[in-house]
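1. Give the three-dimensional model of this entry:
(chains A, B, C and D)
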There are 2 protein chains.
Amino acid sequence: MDPSFPRPLVMVDTALFTILDERLCLLLTQRKEPPFERKLALPGGFVHVDEDADTEAAARRVVCGKIGFDAPYLEQLFTFSGATRDPRGWSVSVAYYALIPASLLDRSQTAEAFPVEALPALPFDHDRIVAKAIERLRGKATYSSLPAFLLPATFTMNELHRIYEQTIGVRLDKASFRHKILEQGIIDPVPSQFRIGAHRPAQLYRLANRVLTAFERKI
Amino acid sequence: MDPSFPRPLVMVDTALFTILDERLCLLLTQRKEPPFERKLALPGGFVHVDEDADTEAAARRVVCGKIGFDAPYLEQLFTFSGATRDPRGWSVSVAYYALIPASLLDRSQTAEAFPVEALPALPFDHDRIVAKAIERLRGKATYSSLPAFLLPATFTMNELHRIYEQTIGVRLDKASFRHKILEQGIIDPVPSQFRIGAHRPAQLYRLANRVLTAFERKI
DNA sequence: CATTGTTAATTGTTATTAACAATCAAGCGC
DNA sequence: GCGCTTGATTGTTAATAACAATTAACAATG
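-> Residues are numbered from 1 along each chain as shown, chains lettered A, B, ... in the order given. Purely as a prediction, here's the structure:
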């Protein structure tokens, strides 16, 4: 390899979204090493040139290390760089964000979830990463099936409705929402399966399997 | 700096869009060094940790080296990585795309412009970068003022209309287009300035200066 | 100097779509 | 059965977009 000028640190950082108590939350980790040892931060790590196929593989590795399984939805967010973002010097961080249904998390994991409006101060440039991740999530939620990935495999129409309202942050008409979602075919009803409770049973739905491909045509 | 594992090559590659003869084109460069010496490729280069503030600065440097001035619109696209994209080994490329009015280019520069439907075979993973850049441009064109950056500082409504049709690739109603564009306030008429020709003079418009900020709320 | 051609800009009409409000349906507890 | 709560649907109105046609403004032409 020819170029002899200094090569920067290359890392990945991940913004892991979930919804707890009807609030959009981020999973943070207590850092085990300096710099910022013991501080809460976004899960991240260095890219291992020998074992990671690419930065997405590195991100998946980091996410698995945090939650113990593969995230249902993971997408590259933005690449942050510069001399000031890390005290160790000029670095590059390829940031990813992921959506994780709360139902897949156990207690020890949800204990480290913080509502996005009440995050602790974050080290490095993690505030910028978080801001960008929320921006992207909100933006995409309006025209895609993204928020559905915050729900378990099956869900009711009203649960989906609430999730959309929470991620976008605006009120949505029930009837119109229903129409649009069903028209776009991003979810299918699960035949003769209902959520039973104290009231009228609600039809259960699941993501149509072509959703991810249809979605990736965007952006 | 502690981590002792191998650090990858970090570079930037840029997809420079312009419109020539009503066709969306990309500016390519003949490579001056191996690998792929003399082949046409996307303009790119290594990130200089010492002189580039961040990858965006590196991208601006590359773009200036190609066209001789700063691009009116430049945006980070995606970060590509892996062991196979460059024969020199595992590498990271932060890709950017830019929009450049053809009127700012001179003859020697337009000579290296190729319509996106008739590109030569590109080295590295530049095909993927180009595909992603077109995808992004098309996607954003539908809900933003992006295509206006392919025009000179002032332009007529019909010129803007045509640019939108070309970048999105679908026919747009004249009257509806007019309404929407003016309603969104992304352009302003230039008082008492008209494009004169063999026919009825056309009102000239320019981008409203708040466009970029309004636009960046998206994505 | 009217006629014609060409592009600019506007208007009106119709069809779609979304927003709003109300109603109907289905279970449970009492 | 009756009221309560949540699910699901319907209908009506308002806002938007699509389509078609018209008017406006000039230059070139004979």
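
2. send the alpha carbons of stretch A:30-47 over as CSV?
-> The C-alpha coordinates for stretch A:30-47 follow below in CSV (Å, rounded to 0.1, in the frame of the first residue of the first chain):
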residue,chain,number,x,y,z
GLN,A,30,-21.5,2.9,29.5
ARG,A,31,-18.1,3.2,28.0
LYS,A,32,-15.5,0.6,29.3
GLU,A,33,-12.4,2.3,28.1
PRO,A,34,-10.9,5.8,27.8
PRO,A,35,-11.6,8.3,26.5
PHE,A,36,-14.8,9.2,28.4
GLU,A,37,-14.5,6.0,30.4
ARG,A,38,-17.8,5.2,32.3
LYS,A,39,-19.7,7.8,30.4
LEU,A,40,-22.9,7.0,28.6
ALA,A,41,-22.4,7.0,24.9
LEU,A,42,-23.7,5.6,21.6
PRO,A,43,-22.6,2.0,21.1
GLY,A,44,-19.6,2.0,18.8
GLY,A,45,-16.3,0.5,18.0
PHE,A,46,-13.4,0.4,15.6
VAL,A,47,-13.7,-1.1,12.2
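
3. So what touches that stretch?
-> Outside stretch A:30-47, the residues that touch it by Cβ atoms under 8 Å, 6 or more residues apart in numbering or on different chains are A:9-16, A:26-29, A:55, A:58, A:61-63, A:65-66, A:86-88, A:93-94, A:112, A:114, A:120, A:122-124, A:126, A:129-130, B:3, B:5, B:8, B:81, B:92. Backbone N, C-alpha and C define where each C-beta goes, glycine included.

4. what residues does chain A put near DNA strand C?
-> Proximity of chain A to DNA strand C (Cβ under 7 Å from any atom of the strand) is limited to residues A:L172, A:D173, A:K174, A:A175, A:S176, A:H179, A:K180, A:I196, A:A198, A:H199, A:R200, A:P201.

5. thinking again about what came up before, of the contacts of stretch A:30-47, buried ones?
-> By neighbour count, with 16 or more other Cβ atoms under 10 Å in any protein chain shown, those hold A:9-16, A:26-29, A:55, A:58, A:61-63, A:66, A:86, A:93-94, A:112, A:114, A:122-124, A:126, A:129-130, B:8, B:81, B:92 as buried.

6. Helices - which of the contacts of stretch A:30-47 land there?
-> Within those, residues falling in helices by DSSP state H are A:T55, A:A58, A:R61, A:V62, A:V63, A:G65, A:K66, A:H126, A:I129, A:V130.

7. Closest one to chain B out of those residues, please.
-> Checking the ones in helices among the contacts of stretch A:30-47 against chain B by Cβ to the nearest Cβ gives A:T55 as the nearest, at 4.6 Å.

8. Contacts only, for that closest one.
-> Counting by Cβ under 8 Å, 6+ apart, A:T55 touches A:V10, A:V12, A:V47, A:Q76, A:V94, A:Y96, B:T79, B:S81, B:V92.

9. Bridged to the fourth one, which residues?
-> When you say that, I think you mean A:Q76. A:Y96 (DSSP bridges).

10. Verify the stated contact: it with A:A98.
-> No: judged on Cβ atoms under 8 Å, A:Q76 makes no contact with A:A98 at a distance of 10.6 Å.

11. which residues are common contacts for these two?
-> A:A59.

12. So between those two, which is more surrounded?
-> Regarding A:Q76 and A:A98, a neighbour count based on other Cβ atoms under 10 Å in any protein chain shown identifies A:A98 as having more, with 26 against 18.

13. Phi and psi next, for A:D125.
-> Torsion angles at A:D125 (phi, psi; degrees, to the nearest 10) stand at phi -110, psi 30.

14. what does chain A put close to chain B?
-> Residues of chain A lying close to chain B by Cβ under 8 Å from any Cβ of the partner chain are A:1-3, A:5-10, A:46-50, A:53-55, A:76, A:78-83, A:88-90, A:92, A:94, A:135-136, A:139, A:217-219.

15. which other helices and strands contact the longest strand anywhere in chain A?
-> Looking across chain A with DSSP state E, the single longest strand is strand A:9-20. Packing partners of strand A:9-20 (3 or more Cβ pairs under 8 Å, 6 or more residues apart in numbering or on different chains; DSSP states H and E): strand A:23-27, strand A:44-46, helix A:55-67, strand A:91-99, strand A:113-115, helix A:126-141.

16. So which residues make contact with the first one?
-> Okay, so that is strand A:23-27. A:15-19, A:42-43, A:66-67, A:100, A:105, A:109, A:112-117, A:119, A:130, A:134, A:166-167.

17. mind saving the C-alpha coords of it as CSV?
-> Coordinates of each C-alpha in strand A:23-27 appear next as CSV, following Å, rounded to 0.1, in the frame of the first residue of the first chain:
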residue,chain,number,x,y,z
ARG,A,23,-41.8,7.4,23.9
LEU,A,24,-39.0,7.3,21.3
CYS,A,25,-35.9,6.1,23.1
LEU,A,26,-32.2,5.5,22.4
LEU,A,27,-30.1,2.7,23.8
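
18. Many thanks, I have nothing further to ask.
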